[in-house]
Structures are given as structure tokens and as C-alpha cells.
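using only what follows, build the 3D model:
(chains A and B)
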2 protein chains.
Amino acid sequence: MRTVQIGIIGGGTVGGGVYQAILRNGSLMASRLGIKLEVGRVVVRNLRKPRAVAIPKSLLTTDWKKVVADPSIDLVVELMGGTSTAREVVLAALKAGKPVITANKALLSEHGEELFAAAAKAGVNLYYEASVAGGIPIIKVLREGLIGNRITRLYGIVNGTCNYILSRMKREQADYAAVLADAQKMGYAETPPDLDVDGHDAAHKTGILASLAHGFWVQPKQVHTEGIRNLTQQDIQFAEKLGYTIKLLGIVKASPSGLRPPASGIQVSVYPALVPNTHVLASVNDVFNAILVRGDVVGDTLYYGRGAGQDATASAVLSDLADAALDLKCGSHHRVPSFVRHEHNGHVLPIDDVVSRYYLRLTVEDRPGVMAKVTSVLGKAKIGISSVIQPEGHQGATVPLILMIHDAPNRTMQKAIARIAKLSVVKSAPVMIRVESFE
Amino acid sequence: MRTVQIGIIGGGTVGGGVYQAILRNGSLMASRLGIKLEVGRVVVRNLRKPRAVAIPKSLLTTDWKKVVADPSIDLVVELMGGTSTAREVVLAALKAGKPVITANKALLSEHGEELFAAAAKAGVNLYYEASVAGGIPIIKVLREGLIGNRITRLYGIVNGTCNYILSRMKREQADYAAVLADAQKMGYAETPPDLDVDGHDAAHKTGILASLAHGFWVQPKQVHTEGIRNLTQQDIQFAEKLGYTIKLLGIVKASPSGLRPPASGIQVSVYPALVPNTHVLASVNDVFNAILVRGDVVGDTLYYGRGAGQDATASAVLSDLADAALDLKCGSHHRVPSFVRHEHNGHVLPIDDVVSRYYLRLTVEDRPGVMAKVTSVLGKAKIGISSVIQPEGHQGATVPLILMIHDAPNRTMQKAIARIAKLSVVKSAPVMIRVESFE
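Numbers count the residues shown, from 1 in each chain, chains lettered A, B, ... in the order given. A predicted model of the protein is given here:
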């Protein structure tokens, strides 16, 4: 039986998890694949650091360059994180003619095109199932399982930390700061938490999914990104009363005209949105991820599982290891290339042109005529109101006023909100959260 | 660009759907694959029959043998259904050295081993993504996406007709016969409906999934199968009161000792089961399918989408067409073989040895001492009762009595039920439905 020698770059949580999973299920995979996977080297920063997963000392080294150059290493798995040295590692390994597997969404999202070009030039492949939604094989689903579909809609809960925080805020009626602090203690959120809670991690992943769905590479800076930092318990509760749950969604939407060339732009955004409680995504809780993919042939499909963590990531890396090993055995690295650019006119729609529904919460004076002033601003902007709710049980000089707004472009809505904010009857900054109808 | 010529055998709903989908998205697929898919021939039974999807007359023929032998046809798609001529077609095409795609779960489930052997002998591949759960790429997920996992549990709602009937029975509080009749009128159920409602279709699919998960081929006759024909509105409502929804589940469960060689047997069954309303599978309604797969590395993952119908099936066939075309281009038909037998000691656990929980509904005399008689039978059989419910609002000579039963082997439970049925206080045949805890 052929043996494939693996060089793992990074011996932390994920690297240790992959090492452990190969130990555990390597012989099962060998019987399924006809190929034996063997870890030849694990590159770490510190040889003496105690590790949760015991890796034999004989495998450890601090010299990634030596591992990448070692002729006995058949393929390289980059699990070190970061975008600086990791980029060097991946480029060096590809240049050395070795297939590379990475779980690094930031690296891929920011430098994908450079890496894909390097892989093509070197005649090897770059695999990245673990970069999005951990154990859910969503990359394979998009590139292979749904290859016969135009992807008209994609909605993803792709950041476990944010989903964990939002799930607990709703369940426990607790404030953002308290839940975040607890999540940090329990290891579900990092310190500082910015990459997760400000939506950047979700933007990396959503950019990768958008790229695969639409055939042009979407840079993270092109993804309009809003995080969950400013969400209040008040809005979570008002949303619940209206029949919604607030989730941080990655959204990839083709406008009807965007589906046929010349493409007129794809929405690629990350923001908190009100999801109807009747929709399956509203029930995806805690650290779980889920991705709803709508294809023009297949209709709605949904994929659900753990999106991060040692084991979910290891499962995805093992899947890539199998693909890479089979491609080595069959000489088929070009069978499913790392990325196929197939939409040359594709572009991301500016957020200002994105049409959506809105939840608008105002803090207003409690006296007659207020509603007329607010609705008149919206009316002049030709923005339709689907309902106005004045929650009961609020007394005092100011009361909350909630408006549910019909489809309107972001530009129009932002201008109207700025005008509403200046009304003398409006006593604090308006809160706007988008509403997703999944139509 | 290389062109692959396709011979479609079967011009009905599914064949027409595949033809239409290739017309619609063929150029998109070409840009993704670098291969052009072209329908060379469509074999039909009747050249003059009006078709919902217009297929040019020049493509139609009634002679499948000619199409299979035609050197200009690169691959054959079997979409005729049935297991007799379809088997001949697949074997002849494989023998002619052509890759074959089939959506035929009955054929595959019953004759899989023969077909896989023929494919291996001919040096081509057999693809069957469309055979299970329509548009959900579950075959690819099991064989590739989760290849690094031992599959410890798999629960599938894999028959859209049954799920549609059960969803409507619950929602509308309607009886089985009435909903079935309406489903037949609307084209969601066939006449006669036996293949679906008696669980045979689900058994075919569950057998295929079990085979892929555990590495030995499970014949449909080995799958313990119960359908939904005898489910009553009364039980659906009692289940709802207890916090459950009744679903027809395909279940593949490895006992803890069944996971390591020597394998001690895998449960492979299809039966209606009480699913806790808090579990995501309870929310899968109407014609939708969903499959929960638990891997020893990845944990729980779930896949959801339309399980049948023209378009969902077409999407899966397109995915297989892409794989087959890429394998032709790369000469990699042996990369992911149609089936890898990797568990030589694997066997299916007899239903009598399967341990589960139970819902037991009795119709008993309304007088003191009845409960003692019933529980004494269970006590003697060492069967634990987790709760006893006497629903309110029932008056008369007999009343319903519901027992929720702890884990017990089927053999023990059946014997106890037979004894309970003979008690003079029990006035009609006991109703037993299994309860799934998803532990």
C-alpha cells in the first residue's frame, strides 16, 4: 500500500487535533483509500512547550523550511494561523511541488489569488475545506455537489463565537458584555475578541463562499461587514416579541439580473439580521454553524455542524488529506483545481445599492404627533412601512418606537435615518438592524 | 474544450429534468469544469408520447442497446427506474466500458454488489449520488467529506412522501387515509403507495447509506422495515402532548463494540419513531429530507434539502456528470470507486437485539388495579417504565393508557407486549412506537 508522508506546520490546538485524528482513524482511512497516511514531521514554535495532545519528540522540529524542502515529505498541512509566515510556508511548499492543505481562512481570503496562481504554476493543488465552517464539508458541496447549480442565495451562520454569544444573550436575557466575558473564560471567545465579534472572521469565510459560488475572487475588504458588539438585550427582546431571532449572517445574494451575464453585481455582506423564528436558521444555536444554499436547480439545501474547534477542523483536514492523497496516487491534482475563475464580469454590489428590509428602533418623546413626524420623513423618501409597534409597559419622558420597513436600498434608508435622528422628538441615536426574509 | 457525449436512458420526469438542467446550466458547468456536456441520445419507451420537457425528436430513440453500443456516447445515465431492464442497461453499458450514472436506489440496493463488481471488471465507474435524498449530496459527504470519521449514528428522513403525509396529519389533525388520497391527487404519492408508505423506498436508501458508512453492503432484506400505514391521528396527538413528533426514520447505529473489530453488528432499520420536538429532525416537514450524521471526529452534522422530484434529482445527476466527466478527462475512474468494502466482519444486528425506548398505548378498562396488572408484566420482564400517562378527557368503559418505556431489547419488549395484550383488562391490540433519543 502506498504511504503518503505528511508535514504538519503548527502543533497547536488544530495541529494536535489533526495528529490525534490520524492516529485514531488512520487505519480506517487506509482501508477506505488504499493509501496510508503517515505524519512525518510536526513543526512547532517551542519544542519544550507542554501540549494537550502528545506528539512524539522525534517528530517535532522548529524548522519549517527544512520540512518543506524534505524530499520524504509528500504534502504539507499549514495549521499555524496568521497571514505572514503562513503565506511564506504555503508559497514555499507549492514551489517545492508539494500539495498544500490549509485551514487558514484569513490567509486564503486575503491572498487566495496569489496562492492559487502559485499552485497552478507549480502543478500542484491547494486544498482548504477546513477554512470555512469547520466540520461541514461546504467547500466540497459548493465546488462538486452543487456544481450544476447557479447559486442564487447563500446565508451562513459561520462564526461560532458570535452565534454562541447571541444564543446566550437571547436565552439568558443577559447583556453582551457579561456573556462575552464568560465566553472568554470558557474559551469560546478570544481576548481581544475583535476578529470574531466585529465580523471579520465571518467576512473571510463569506468572501470564500461567495467566490466559489460566483466564480470571481471576493477580497475581504469588498465584504460589507458589521459585527455584534452594539447589539442590545432590548433589541433581542423586541425582535423576539415580533417573532424574530437576531443572528450574525454572511449573505451572498445575486440580484435577478446578476445571474446572467453581463453580471450586475452580487451582494456579499456580513451583518446581524432579524431571522424569522419559523426559519430553520433561527434554531441554529451556540457554537454550531449552518449554511443555507439555494441553487437554481436544487432549491434550498442546508448544511449544519460544528464550525470550529479541534475536532471539527480535524475532520475537514482529513477530508482534504484524502483528496490530496488520491490526487497524488492518480496524478489528478488538476481534477478539481483550487479555484476556477469563471465569471469575468463578476463584481460585488456596493452596500449602498443593496436592497433589504429593516427593523428601526427609535427613542421618542411620549406625546401626540411624534409618529406623524417620523413617518413623514420615510414617506418623503418613498420608504414603505410594513408595521409600527409601540411596545407596552414603557413610561416616562421617552418611549421606544419600532418600525418595520419594506424593501429599500441601503443608501435611501441611511439618509432617512440621518434625517429622523435630527428630529427634535427623537431623543437618542436610531438603531437599525436588517431583516432577512429569505425570499 | 473536450466534449462528453451523454446517453440518457429514460425520458420521463427525471430524464426530462436532467435534459432541461443541462440545457439551462451546461455552459456554466463547462466554464467550471473545462468540459462540455452534450446530450447525444435520449432513450424513451414511446416516441410519440407528449412530454412535459420538450426533447428534440432527433435525439429520441427506443433502442437502448444501440445507444449503449454507440461509440460516440461517452457515458450512460440510467433514469428509467425498475430493477429488471435497468439492471441489463447498467451491466451492458459497464461492459461496453462506459461510466454509468444511476438514480435507481432499488436497483442499487438490491444489485449493488453485482454492479460494482461489473464496474471494477470493466475498469469504469458507477455513480449514484441521485439514489439517496435527491438534491442533498449525501453520498459525496459520506464517501469524501466525512471520510476521516467512523460513523457512529445516522438518522435519515429519506422518504418525502411519508414525511409529507406525516407533516399534514400532524398539522391538519387529519387521518392517514384522507391525507394519502389527497397526496395521490397532488402527485406526492403514487398509486398504489406501498413502496413509499410501507417503508421499502426508505429501506433501499437507508441500506445504501449504511453500506457506505460501514463498509459492507447491506441488502434491503436485511433492513428491518415498518411503514406509516397504521399510524393513527390519536398517536400523533398523544405524541405531541408528550413533546414529540412522529417521523419515519432510517436509522443506522453502531453499538459501542460494533465500532472496533471484530464488529458486533450494526442496527439498520426503518420505522416510525417519536422524535423530541426540540430536535432539529422534528422540524423537517413536507417533502423535505434531512440526514443527521454523527462522526467520531466531527460530531453531529446535518444535511437538508428536497429529497425527490425532477429538479432535486437533476441536481444530483449533474454532480455525478461532473465527476464522471472529470474522471474521463483525468483517467481517474478508480479515484473514488463506486464502493469500497472495508469491513469484512460487518453484519446487521437482528431487530430482536436492537435496544430502544418505546411509547406503548393501551386501551384499558377504566377501573382500579389496571395499572398494577400492566406494570407487573413489565416489571417481571425487567423493563423499566420512565412515565405513565392517562390522558384527560376520556370517558367510557375503556380509556387510553400510555407508557413511556426505558431502553429495552426488541425481543424482550415484544414478549411483554404479547403478555399485556392477553390481560383481560386490555381491550384492544397494544400500539407500540419506538422513541428515539439521539444519544
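
low pLDDT regions in the stretch 201-350 of chain A?
A:256-264 (pLDDT under 70).

which parts of it are helices?
A:233-241, A:310-330 (DSSP state H, counting those that start in this stretch).

what's the burial count for residue A:237?
If you count neighbours by other CB atoms under 10 Å in any protein chain shown, residue A:237 ends up with 14. C-beta coordinates here come from the backbone N, C-alpha and C atoms, glycine included.

these two touch, right, it and residue A:173?
Yes - proximity of residue A:237 to residue A:173 meets the contact threshold set by CB atoms under 8 Å, at 7.1 Å.

which neighbours do the two share?
Shared contacts of residue A:237 and residue A:173 (CB atoms under 8 Å, 6 or more residues apart in numbering or on different chains): none.

for the residue of the stretch 201-350 of chain A found nearest chain B, which residues are in contact?
Residue nearest to chain B within the stretch 201-350 of chain A (CB to the nearest CB): residue A:318, separated by 2.6 Å. Contacts of residue A:318 were listed using CB under 8 Å, 6+ apart, and they are A:18, A:21, A:22, A:25, A:29, B:147, B:148, B:149, B:297.

out of the residues you listed, who's the most crowded?
Within these, most neighbours by other CB under 10 Å means residue A:18, with 33 neighbours.

now do the helix or strand containing residue A:108, average pLDDT.
Under the criterion of DSSP states H and E, residue A:108 resides in helix A:105-122. Averaged across helix A:105-122, the pLDDT comes to 97.

mind listing what's buried along it?
A:105-112, A:115-116, A:118-120, A:122 (16 or more other CB atoms under 10 Å in any protein chain shown).

ok, of these, which one's closest to chain B?
Among these, and counting by CB to the nearest CB, the member closest to chain B is residue A:120, at 12.8 Å.

please work out which of the helices of the stretch 201-350 of chain A is packed deepest.
Highest mean neighbour count among the helices of the stretch 201-350 of chain A (mean count of other CB atoms under 10 Å in any protein chain shown): helix A:310-330, with a mean of 25.

tell me how far it lies from the chain's centre.
Relative to the centre of its chain, helix A:310-330 is centred 21 Å away, using CA atoms, centre = their mean, to the nearest Å.

dump the C-alpha coordinates for the following helix or strand past it into CSV.
Tracing the chain C-terminally past helix A:310-330 and defining elements by DSSP H and E, one meets strand A:355-365 next. Extracted in CSV, the C-alpha atoms of strand A:355-365 (Å, rounded to 0.1, in the frame of the first residue of the first chain):
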residue,chain,number,x,y,z
VAL,A,355,-32.0,46.4,-1.0
SER,A,356,-33.3,44.9,2.2
ARG,A,357,-35.9,45.1,4.9
TYR,A,358,-35.2,46.9,8.2
TYR,A,359,-36.0,47.0,11.9
LEU,A,360,-35.7,50.6,13.1
ARG,A,361,-35.9,51.4,16.8
LEU,A,362,-36.3,55.0,17.9
THR,A,363,-36.4,56.5,21.3
VAL,A,364,-39.0,59.3,21.1
GLU,A,365,-40.9,61.8,23.2
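
which SSE is immediately downstream of strand A:355-365?
helix A:370-380.

in that next one, which residues are buried?
In helix A:370-380, counting by 16+ other CB under 10 Å, buried: A:370, A:374, A:377, A:378.

ok, those vs chain B, which is closest?
residue A:378 (35.8 Å).

and the closest one, what does it touch?
A:384, A:385, A:403, A:405, A:416, A:420.

how about TSV for the residues you listed, with pLDDT and neighbour count added?
As requested, the contacts of residue A:378 are arranged in TSV below (pLDDT from 0 to 100; neighbours: other CB atoms under 10 Å in any protein chain shown):
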residue	pLDDT	neighbour count
A:384	96	11
A:385	96	15
A:403	97	22
A:405	97	22
A:416	98	24
A:420	98	23
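
burial of residue A:220, as a residue count?
For residue A:220, using other CB under 10 Å, the count is 22.

measure it to residue A:436 for me?
Remark: distance between residue A:220 and residue A:436 (CB to CB, to the nearest Å) = 21 Å.

how close does residue A:417 get to residue B:239?
Residue A:417 is 48 Å from residue B:239, where distance means CB to CB.

just residue A:56 next, same as before
Per CB to CB, residue A:56 is found 53 Å from residue B:239.

same deal with residue A:270?
On the measure of CB to CB, residue A:270 and residue B:239 end up 40 Å apart.

which one of the contacts of residue A:378 is nearest to chain B?
residue A:405 (28.7 Å).

distance to residue A:101 for the helices of the stretch 201-350 of chain A - can I get that in TSV?
Formatted as TSV, the helices of the stretch 201-350 of chain A follow (distance: least, CB to CB, whole Å):
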stretch	distance to residue A:101
helix A:233-241	39
helix A:310-330	4
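
to residue A:250, which of these lies closest?
Closest approach to residue A:250 among the helices of the stretch 201-350 of chain A is made by helix A:310-330 (17.5 Å; CB to CB).

that closest one vs helix B:310-330, what angle?
Counting by axes from the mean of the first three to the mean of the last three CA atoms, to 10 degrees, helix A:310-330 lies at 50 degrees to helix B:310-330.

now helix A:310-330 - C-alpha only, CSV.
Extracted in CSV, the C-alpha atoms of helix A:310-330 (Å, rounded to 0.1, in the frame of the first residue of the first chain):
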residue,chain,number,x,y,z
GLN,A,310,-10.1,20.9,17.3
ASP,A,311,-12.2,18.0,16.1
ALA,A,312,-14.4,19.7,13.6
THR,A,313,-11.4,21.3,11.9
ALA,A,314,-9.5,18.0,12.0
SER,A,315,-12.4,16.2,10.3
ALA,A,316,-12.2,18.7,7.4
VAL,A,317,-8.4,18.4,7.2
LEU,A,318,-8.7,14.6,7.0
SER,A,319,-11.1,15.0,4.1
ASP,A,320,-8.6,17.2,2.3
LEU,A,321,-5.8,14.8,3.1
ALA,A,322,-7.9,12.0,1.5
ASP,A,323,-8.4,14.2,-1.6
ALA,A,324,-4.8,15.2,-1.8
ALA,A,325,-3.6,11.6,-1.3
LEU,A,326,-5.9,10.3,-4.0
ASP,A,327,-4.8,13.1,-6.4
LEU,A,328,-1.1,12.1,-5.7
LYS,A,329,-1.9,8.5,-6.4
CYS,A,330,-3.9,9.2,-9.5
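
these two touch, right, residue A:39 and residue A:19?
Yes - Residue A:39 lies in contact with residue A:19 (CB under 8 Å); the separation is 5.8 Å.

so which of those two has more stuff around it?
Per other CB under 10 Å, whichever of residue A:39 and residue A:19 has more neighbours is residue A:19, with 24 against 20.
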